[in-house]
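Task: produce atomic coordinates for the following.
(2 chains)
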Amino acid sequence: MVEFNAKKVAELHQHLHSHLPSEPALRVKALETLLVEKGLINTESIDAWVEAYTEDIGPKRGAHIVAKAWCDKEFRQRLVLDGSSAIDELGYLGNATGHLKVIENTASVHNLVVCTLCSCYPFSILGIAPAWYKAAAYRSRAVRDPRGVLAEFGVQISDDVEVRIWDSTAELRYMVLPQRPNDSEALSEHELAALVTRNSMIGTDRDLVKIDKVKV
Amino acid sequence: MDGIHDLGGKQGYGAIDVDEADLYERGEAFNHDWEARQWGISSCARTPNINIDWWRHCRELITPIDYLGRPYFDSWVQTDFATFIDGGFFTLDEVCLGYSALDSLHLDELPPKPITKADALQADRQNAYRFDAEINQLPLFSIGDLVITNQHGHSGHTRLPQYARNRIGKIHALNGAHVFPDLSAQGTESHQHLYSVVFETGELWSDSTNIHDKVFLDLWETYLSINDLPKNEP
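Model (predicted):
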């Protein structure tokens, strides 16, 4: 049973600091070995989850959502009103998207998502977060130096554009709806989805590439 | 707690690794195999009766040198070790040995049935947990109200970041009542109104460079009071 005893857990961490194997790979192996020996887990199920998040669940889902919102005005309205129920229409509701907010970029607003307290992320639509999203540099700077952060990603924001930083420290999760590229009227939903980058849905990318750069 | 995890606005962490490969371009999701294994472990098994707030607090309690010095998923590994030991599923001695003591094996219990990718995808859909509930209390604040955040935190788990303490913000949205993490991390589930609060960056940072920029935070009702002090306009 969980005792909710923070002092005890803090002491455990001190012991673990001294006693766990030296490399992350060895530490995970030790954890997996113990959990399998104790009958709490089996390796096939771990494999299944890895396959699910490598082959099926990832930013392709988010890109599909974005492209559909660009093409289907009514879907876009439903998405902005209630992100969770709109993505459920596509079968994408899942881990960490039970309370999803979709926030729209416009010519005068740019949105940027971070979690300064851990690394909360809408897994079922964007998959595994990039390492930089979980690193101290991004988590510390996004709320204080957003324009400097964006510049490092090659995104220049003019002074009159408002940058909104969403620090997702509760159970609401955020996905940015980037602007549809200019000159993309002729593209199909499928072709549009190929233009949507993962970073554009976090907010560290803004101007998506135009039609002449599409890889067909 | 005023721990190492509370990173918003801290300085000195340097540049962001923006050149990290976009793994999805290559049809991959993980930087290392061990990260994939840890993701799978976390998806399969958690200590029974644990909740996300206590688990997050256990992660915050990692010694600062480990918290900052190890990759992100490595902190999940250590948190799982701590919570499984704390929950009585294995001992620190077994962790040090690297294998189970024979007398602690529950060989009479059936191990969980292996699942397929299709099962995992179905389970992921069922992981769309909701944290809201209807409560009798009406929300204290309305959209547009000016509120001031608490000046102090406490030594337990809390989701009011240090950089946003004793700051004036405006209620942007009401989100219903959500599980209150500070008590949930102590084993008591209760619900409180959760607000999206918007802060001018100039209210948060003396070195803010653009007057248009804003920070939005989702904050529980007891983190907030009505701001009845006149605001010092810049």
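
So the residue lying closest to A:Glu104 once chain neighbours are set aside versus chain B, what's the distance?
Nearest residue to A:Glu104, sequence neighbours excluded (C-beta to C-beta, 6 or more residues apart in numbering or on different chains): A:Leu177, at 4.6 Å. All C-beta spots, glycine's among them, are computed from the backbone N, C-alpha and C. For A:Leu177, the distance to chain B under the criterion C-beta to the nearest C-beta, to the nearest Å works out to 16 Å.

which residues touch A:Leu177?
Applying C-beta atoms under 8 Å, 6 or more residues apart in numbering or on different chains, we find A:Leu177 in contact with A:Val66, A:Ala69, A:Arg76, A:Leu79, A:Val80, A:Val102, A:Ile103, A:Glu104, A:Asn105, A:Met201.

And B:Lys117, by the same measure?
B:Lys117 sits next to A:Ala48, A:Glu51, A:Ala52, A:Glu55, A:Asp56 when contact means C-beta under 8 Å, 6+ apart.

Could you check how many residues crowd around the fourth one?
The local packing count at A:Glu55 equals 12, with neighbours defined by other C-beta atoms under 10 Å in any protein chain shown.

How is it assigned, secondary-structure-wise?
helix (DSSP: H, G, I helix; E, B strand; the rest coil).

Not counting sequence-adjacent ones, nearest residue to it?
In space, A:Glu55 comes closest to B:Lys117 once its chain neighbours are excluded; the distance is 7.2 Å by C-beta to C-beta, 6+ apart.

on that earlier part again, so which of the contacts of A:Leu177 are in helices?
Using DSSP state H, A:Val66, A:Ala69, A:Arg76, A:Leu79, A:Val80, A:Met201 are the members of the contacts of A:Leu177 that sit in helices.

mind listing what the closest residue to the third one other than its chain neighbours touches?
Read it as A:Arg76. Take A:Arg76 and drop its neighbours on the chain: the residue closest to it by C-beta to C-beta, 6+ apart is A:Ala69, 4.1 Å away. Contact criterion C-beta under 8 Å, 6+ apart gives A:Phe75, A:Arg76, A:Leu79, A:Val102, A:Leu177 as the residues in contact with A:Ala69.

With A:Asp205 as the reference, measure out to A:Ala69.
According to C-beta to C-beta, to the nearest Å, A:Ala69 and A:Asp205 sit 17 Å apart.

low pLDDT regions in chain B?
Low-confidence segments of chain B (pLDDT under 70): B:21-22, B:24-26, B:102-110, B:229-234.

ok, now with 90
B:18-28, B:45-50, B:87-90, B:96-113, B:207-209, B:227-234 (pLDDT under 90).

Give me the distance between the lengthiest helix in chain B and the centre of its chain.
With residue count as the measure and DSSP H as the assignment, chain B has helix B:72-86 as its longest helix. Computed by C-alpha atoms, centre = their mean, to the nearest Å, the chain-centroid distance of helix B:72-86 equals 14 Å.

can you give me the helices in chain B?
Counting by DSSP H, residue ranges of the helices within chain B are B:33-44, B:52-60, B:64-69, B:72-86, B:92-97, B:117-126, B:181-184, B:201-204.
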